[in-house]
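Q: Could you look at this predicted model? Sequence included:
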Amino acid sequence: MDREHRPQKQEEKERRVLVVTSVDTERDAILRGMGEMGDKNQVEVHTAGVGVARATAATALALSAASYDLVVSAGIAGGFPGQAEVGSLVLASEIVAADLGAETAEGFCRLDELGLGPVCIHMDASLVKRLESSLRLRGLDVKTGPILTVSTVTGSKETADELAVRIPGAAAEGMEGFGVATAAQLKGIPVLEMRAVSNFVGPRNRSAWRIDKALEVLEKASGGLMEVII
Ligand SMILES: O=C(O)c1cccc(C(=O)CC[C@H]2O[C@@H](n3cnc4c(=O)[nH]cnc43)[C@H](O)[C@@H]2O)c1
């Protein structure tokens with residue numbers, strides 16, 4: 001049967017997906033959530049390490065070693081107050097390298113404003129919408145909005161407020177998304193970012209991070225992810 005007349009379902013079954021996390025506990029939560037669907041040789045979950053450098057390098061290496069149709073950056077995150085609650089799940093509408101730029105006398109200047117390269121990667125809105133619906137059906141509190149990639153975890157209200165003003169609608173921050181997305185984009189592969197909120201972005205209070213809760217949410221979300229993308 002030629003490609004044009006092949007049933008849609010068959011094409012969907014052929015998809016291969018690379019999921020990139022920063023630490024093993026995130027990877028394990030995702031593998032638990034995928035259950036049997038993760039054993040189909042269609043999904044690989046890699047731990048890359050923390051930060052954008054490791055995320056970019058690990059994603060690029062994985063993409064040069066095998067062929068994939070979709071890349072997902074997944075893990076836990078800080079949620080912006082008023083946008084994403086602790087225990088909620090954030091899907092990126094866009095991934096923003098929030099601190100990639102220069103300090104100037106007038107304030108922060110983005111890399112793209114300096115003419116030196118992009119700082120924002122947009123997701124496929126229809127894919128994000130389908131995933132959002134599937135995750136809501138699983139009872140998750142889901143929010144779609146910009147997810148920021150930062151090199152330093154925000155630790156003050158001043159920085160949190162500044163980021164929220166600079167990136168309207170900023171929903172969450174993590175430390176890897178822009179690296180994963182850049183490696184995928186350079187290969188022409190679609191990318192998603194999915195993060196469960198463990199803490200609020202703001203004054204540092206590590207003891208208040210609800211990592212176990214966020215990992216539970218990540219586990220639950222992984223089942224929904226498989227349902228939509230495989
Ligand atoms: O200690 C643990 O058990 C544990 C389990 C899972 C993950 C961790 C991490 O510390 C992961 C660090 C990872 O989390 C992202 N993250 C989480 N909150 C924030 C934030 O407020 N700002 C920026 N990044 C955040 C980040 O992507 C790190 O890679 C520990």
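A: Here it is on my side, so go on.

Q: what's the pLDDT at whichever residue of the chain sits closest to the ligand?
A: Using Cβ to the nearest ligand atom, the single residue of the chain nearest to the ligand is G78, 2.3 Å away. Quick note: C-beta positions are derived from backbone N, CA and C, even for glycine. For G78, the model assigns a pLDDT of 98.

Q: cool, and the one 4 residues further on?
A: pLDDT, G82: 98.

Q: what do you get for G49?
A: Per-residue confidence at G49 stands at 98 (pLDDT).

Q: Under the pLDDT cut-off, which ranges of the chain? List them.
A: Scanning the chain for pLDDT under 70 picks out 1-14, 38-40.

Q: L91 should be in a strand, yeah?
A: Yes: membership of L91 in a strand is supported by DSSP: H, G, I helix; E, B strand; the rest coil.

Q: Excluding residues flanking it in the chain, which one is nearest it?
A: Once flanking residues are discounted, L91 sits nearest to T144: 4.6 Å by Cβ to Cβ, 6 or more residues apart in numbering.

Q: For the helix or strand that neighbour falls within, C-alpha coordinates in PDB please.
A: For T144, the host element (DSSP states H and E) is strand 142-149. Extracted in PDB, the C-alpha atoms of strand 142-149 (Å, rounded to 0.1, in the frame of the first residue of the first chain):
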ATOM      1  CA  VAL A 142      -2.800  21.200  33.600                       C
ATOM      2  CA  LYS A 143      -1.600  24.600  32.500                       C
ATOM      3  CA  THR A 144      -0.100  25.500  29.100                       C
ATOM      4  CA  GLY A 145       2.300  28.500  28.800                       C
ATOM      5  CA  PRO A 146       5.900  29.600  28.400                       C
ATOM      6  CA  ILE A 147       8.400  27.400  30.200                       C
ATOM      7  CA  LEU A 148      11.600  29.300  30.900                       C
ATOM      8  CA  THR A 149      15.100  27.700  30.900                       C
END
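
Q: Can you spell out which helices and strands pack onto that strand?
A: strand 89-97, helix 125-137, strand 172-174, helix 177-186 (3 or more Cβ pairs under 8 Å, 6 or more residues apart in numbering; DSSP states H and E).

Q: between it and helix 125-137, what angle do the directions make?
A: Orientation check (axes from the mean of the first three to the mean of the last three Cα atoms, to 10 degrees): strand 142-149 against helix 125-137 gives 120 degrees.

Q: wait, does the helix or strand following strand 142-149 contact the ligand?
A: Note on strand 142-149: by DSSP H and E, the next helix or strand toward the C-terminus is helix 157-166. No: Helix 157-166 is not in contact with the ligand by Cβ under 6 Å from any ligand atom; minimum separation 9.4 Å.

Q: ok now stretch 98-108, how far from the chain's centre?
A: 24 Å (Cα atoms, centre = their mean, to the nearest Å).

Q: for the helix or strand where R54 lies, packing partners?
A: Per DSSP H and E, R54 falls inside helix 52-65. When contacts are defined as 3+ Cβ pairs under 8 Å, 6+ apart, helix 52-65 packs onto strand 17-21, strand 43-47, strand 70-79, helix 177-186.

Q: What residues sit buried inside it?
A: Residues V52, R54, A55, T56, A58, T59, A60, A62, L63 are the ones in helix 52-65 that count as buried (16 or more other Cβ atoms under 10 Å).

Q: mind checking how far it is from the chain centre?
A: Using Cα atoms, centre = their mean, the offset of helix 52-65 from its chain centre is 15 Å.
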